[in-house]
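1. Let's see this in three dimensions:
(2 chains)
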Amino acid sequence: MQTGKQTPAEAEQSHSTSRPSERPWMKVLLTVLVLAVNFIFHYGVFSLLKQNDISPVWLTIVAVVWGSVGIFTIYLSLNWVLSLYPESVKKKIQPFVFISPAVFILGWLLFIPALRTLVMSFFGPNGDVFVGLKNYLAIFTQREMLITLRNTLMWVVFGTFFSVAFGLLIAVLAERSSFEKIAKSIIFMPMVISFVGAGVVWKFIYAYEPGDHQIGLLNAVVQAFGGEPQAWLSLVQPWNNLFLIAIMIWMQTGFAMVILSASIKGVPNELLEAARIDGASEIRIFFKIIVPYIKTTLAAVTTTIVIFSLKIFDIVIVMTGGQYGTGVIATKFYREFFTYDNQGYGSALAILLLLFVIPVIWINASRFKKEEGF
Amino acid sequence: MAANPNNRGSKKWLVNVILGFICLLWILPTFGLLISSFRMPNDINTSGWWTIFPHEAWVTESTITLPKDVNLDQPFEVKGEQVTDKQLQNGVKIAENTRIVWENRLRKTVAVQDEEWTSNLGFTIKNYLHVLTGGTYQVAGPDGSMTTMQGDNLGRAFLNSIAVAIPGTLIPLTVSTFAAYAFAWMRFPGRNILLMAIIGLLVIPVQVALVPDLKDFIALGINGTFLAVWLAHTAFGLSLATYFMHNYISQIPKDIFESAFIDGAGHFKIFTRLILPLSVPAIASIGIFQFMWVWNDYLIALIYLGGVPNHQVLTMQLAGMVGTRGSEWHLLTSGAFISMILPLAVFFFLQRYFVRGLLGGSVKG
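-> Residues are numbered from 1 along each chain as shown, chains lettered A, B, ... in the order given. All right, here's what the predicted structure looks like:
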């Protein structure tokens, strides 16, 4: 890329590249101009949308076009500005044009906020009184909070175990069945709907009406077997947590199944055939050949679902609002921050979540490093 | 493993039966919701959705109105039988297949019922109209009285979800693909450390950054706008998207664009003319994943759009309905189904890409 000659610039700007490059003040002016036009344009559209006095359909169209095209035009115009400058400058700056939006957004909205939350977790409710580790101490001593921690543990243990176990079972069964594709689609389908939608689906299943006419499926089944209908979500504590966890299992099993199934397909056929010729039963083959062969994937799926269940929020909020002893860390965090306005305590809960997540991801990452030289 | 060896043929029926049972179990909740969303409001509240299938039940044949002066505290006569108030509440058998039971105790009407095979087949699409457009409508109660009810405005929420989800997908995709290209094919100081840092940010749960971001958005005056939600979704999805796209773009063979370099094409041109078209499968995979995430998201929308009624997205409105209209099942079921239509359509038409995105997003390689 040594260039004595002018590089053929991009088609859309070819006419303007050669002239301004001879006059430095012109370049600076153009640079400022382009940045200013960008700013004014985007600020203009933003203000238009914020006024909110156009019809909903137009609002949606303008928002979609602006958001989708706007981001690309920012890169386009920055690159155009860059093409005004000599090749040596361009080569140094261009990588940063490509990465700086990503670095800026991640730094501004993810990294620095994490540090701010960490600092806040050492302060009182309004963030002005330093309380040291008091918030953390409170988390591990308050009775209500201990229930919350117990519930989160229940989610992680039961939710993960059954999602992975069912996923594995279905992956193995589907492999040997006559309708693998359809079965997999059916099991996977709940994965694509929202937790709020799933919440409605399951609220309907757990529905309880005093009297004989049960419209909830679970109570109807219980009744058919001669049992008494129950208000599953509010009474029967702490088992009501399990009824919520069932929803996550219903949704996450498909995820485990898809990934484990891909991995099982990688088990060499010769290995399985050899074992069968030696007379090994299918169950023995499963535990002695298939499971050891896919154990990396199994571990990855397990950790992914563990992290997922640690952060669970939507299901609990929609189904019970965290009442009746069903609160988990994420719902408690929300309540502390947005209902009780207790910033220090809420921050400590968020950091606690981070502390729980880090080792799980760390184990995952270090295993990849060992096995693949990541 | 694709072909089934013959020696397992004998057990295949067992596998099929077990799997079939599990599939039935898995599809039943959604199926029940779908059926219910088309039933009459009153039917949903008084009978289970499975009663659309033929079943044996008591069907009212005729009604008898008792004299106004009948004393319910003492046994009285109906159709030649001596009955008490309490007995009539549960029903009294007067013949092999016939019973009498209160139809309406206050109006003193008694129903004469036969046990018959029946199914509740009253369907309507009005639930969907009412939940989409708002406005008031009338519902007939079990005793023939009419109740006026208020619909919901999910149509607006559907549009808002689109306004959030499409840019909420395309912005992080654009930003991450540019960054992934630079990390893969450009040389600059701090490249490796920055890339590791970006991937490392995968560990940060949404909750940790939620509130400081909210404070910044409020300070900048963008809280409660679509821009705030786009930015939040970009920040929370960028780490994974960059990691995913970098894996893909760094594996494109260099000789494909070497000739372009020799012809003097710059990085930007190579990126837009070569890398983007070549990356379509990867972009589709992670794009569908991100789209589902944004469409189904509740927490981020709740925090950054929470106070603005006009900007509510589907999940927020539906969750609100669960809280305030918990017993209006005809609206809840049809509303839930409306929120699922788009993800389900995407799933069925683009299944291949969706699964690939899942594989790449969770397990490397």
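2. Show me the shaky parts of the stretch 201-350 of chain A.
-> Of all residues in the stretch 201-350 of chain A, those with pLDDT under 70 make up the ranges A:211-212, A:235-236.
3. longest helix in the chain, by residue count?
-> Picked chain A for this. Scanning chain A for the longest helix, with DSSP state H as the assignment, gives helix A:343-372.
4. was after chain B, sorry
-> Max-length helix for chain B by DSSP H is helix B:154-185.
5. ok, is that helix in contact with chain A or not?
-> Yes. Counting by CB under 8 Å from any CB of the partner chain, chain A is contacted by helix B:154-185 at B:156, B:159-160, B:162-163, B:166-168, B:170-171, B:174-176, B:178-179, B:181-183. For the C-beta atoms, the positions are set from N, CA and C on the backbone; glycine is no exception.
6. ok, for residue A:132, nearest residue in space, not its chain neighbours?
-> Excluding the flanking residues, the one nearest residue A:132 by CB to CB, 6 or more residues apart in numbering or on different chains is residue A:122, at 6.1 Å.
7. pLDDT below threshold where in the stretch 101-250 of chain B?
-> In the stretch 101-250 of chain B, residues with pLDDT under 70: B:135, B:139-146, B:151.
8. what do you get if the cut-off is 80, keeping everything else the same?
-> Scanning the stretch 101-250 of chain B for pLDDT under 80 picks out the ranges B:101-153.
9. What ranges does it have for its strands?
-> Shown for the stretch 101-250 of chain B, the strands assigned by DSSP state E, counting those that start in this stretch span residues B:109-118, B:136-140, B:146-150.
10. For the stretch 51-200 of chain B, what lies in contact range of chain A?
-> B:156, B:159-160, B:162-163, B:166-168, B:170-171, B:174-176, B:178-179, B:181-183, B:186-188, B:191, B:194, B:197-198.
11. Can you tell me the element residue A:298 falls in?
-> helix A:295-310 (DSSP states H and E).
12. So for that helix, what gets flagged as buried?
-> Residues A:297-298, A:300-310 are the ones in helix A:295-310 that count as buried (16 or more other CB atoms under 10 Å in any protein chain shown).
13. Also near chain B: which of those, exactly?
-> Restricting the buried residues of helix A:295-310 to those near chain B by CB under 8 Å from any CB leaves A:297, A:300, A:301, A:304, A:310.
14. right, and out of these, which lies closest to residue B:335?
-> residue A:310 (29.5 Å; CB to CB).
15. Count the residues that sit near the residue lying closest to that closest one once chain neighbours are set aside.
-> Among residues not flanking residue A:310 along the chain, residue A:356 sits closest, at 5.3 Å (CB to CB, 6+ apart). Residues contacting residue A:356 under the criterion other CB atoms under 10 Å in any protein chain shown number 17.
16. what sits against residue B:160?
-> Taking CB atoms under 8 Å, 6 or more residues apart in numbering or on different chains as the criterion, residue B:160 is in contact with A:56, A:60, B:310, B:311, B:312, B:313, B:314.
17. again with residue B:32
-> A:201, A:204, A:205, A:217, B:49, B:50.
18. helix, strand or coil for residue B:74?
-> coil (DSSP: H, G, I helix; E, B strand; the rest coil).
19. any idea how far residue B:91 is from it?
-> As judged by CB to CB, to the nearest Å, residue B:74 and residue B:91 stand 20 Å apart.
20. So which of those two has more stuff around it?
-> Under the criterion of other CB under 10 Å, the comparison of residue B:74 against residue B:91 puts residue B:91 first, with 15 against 9.
21. So the more buried one sits against residue B:103, correct?
-> No. Residue B:91 is beyond contact range of residue B:103, at 11.1 Å (criterion: CB atoms under 8 Å).
22. and residue B:42, how far is that from residue A:209?
-> From residue B:42 over to residue A:209 the distance is 14 Å, taken as CB to CB.
23. What is the neighbour count of the closest residue to chain B within the stretch 1-150 of chain A?
-> Distances between the stretch 1-150 of chain A and chain B by CB to the nearest CB are smallest at residue A:67, namely 2.5 Å. Residue A:67: 22 surrounding residues under other CB under 10 Å.
24. tell me the contacts of it?
-> B:163, B:166, B:167, B:168, B:170, B:171, B:226, B:227, B:230.
25. Does the residue nearest to residue A:191 when sequence neighbours are not counted lie in a helix or a strand, and which?
-> Using CB to CB, 6+ apart and skipping residues adjacent in sequence, the residue nearest residue A:191 is residue A:254, 4.2 Å away. Residue A:254 belongs to helix A:240-264 when assigned by DSSP H and E.
26. Between helix A:295-310 and that helix, find me the angle.
-> Here helix A:240-264 runs at an angle of 150 degrees relative to helix A:295-310 (axes from the mean of the first three to the mean of the last three CA atoms, to 10 degrees).
27. Mind giving me the packing neighbours of helix A:240-264?
-> For helix A:240-264, the contact count by 3 or more CB pairs under 8 Å, 6 or more residues apart in numbering or on different chains; DSSP states H and E identifies helix A:143-154, helix A:160-176, helix A:180-188, helix A:195-206, helix A:295-310, helix A:314-319, helix B:9-37, helix B:351-362 as packing neighbours.
28. go with 7 Å
-> helix A:143-154, helix A:160-176, helix A:180-188, helix A:195-206, helix A:295-310, helix A:314-319, helix B:351-362 (3 or more CB pairs under 7 Å, 6 or more residues apart in numbering or on different chains; DSSP states H and E).
29. quick one, it and helix A:180-188 angle?
-> Using the same axes, to 10 degrees: helix A:240-264 against helix A:180-188 is 150 degrees.
30. Can you give the distance from helix A:240-264 to the centre of its chain?
-> Centroid displacement of helix A:240-264 relative to its chain, using CA atoms, centre = their mean, to the nearest Å, is 15 Å.
31. Give me the next element, helix or strand, following it.
-> helix A:269-277.
32. In that following helix, which residues are buried?
-> A:272, A:275.
33. Now do the buried residues in the very next helix or strand once past it.
-> Remark: after helix A:269-277, the chain's next helix or strand is helix A:282-285, criterion DSSP H and E. Buried residues in helix A:282-285, counted by 16+ other CB under 10 Å: residue A:285.
34. And the contacts of helix A:282-285?
-> A:272, A:275 (CB atoms under 7 Å, 6 or more residues apart in numbering or on different chains).
35. and the next element down the chain from that helix?
-> helix A:291-293.
36. Touching that next one from outside, list them.
-> residue A:267.
37. Which parts of that helix count as buried, going by neighbours?
-> Buried-residue list, helix A:291-293, by 16+ other CB under 10 Å: residue A:293.
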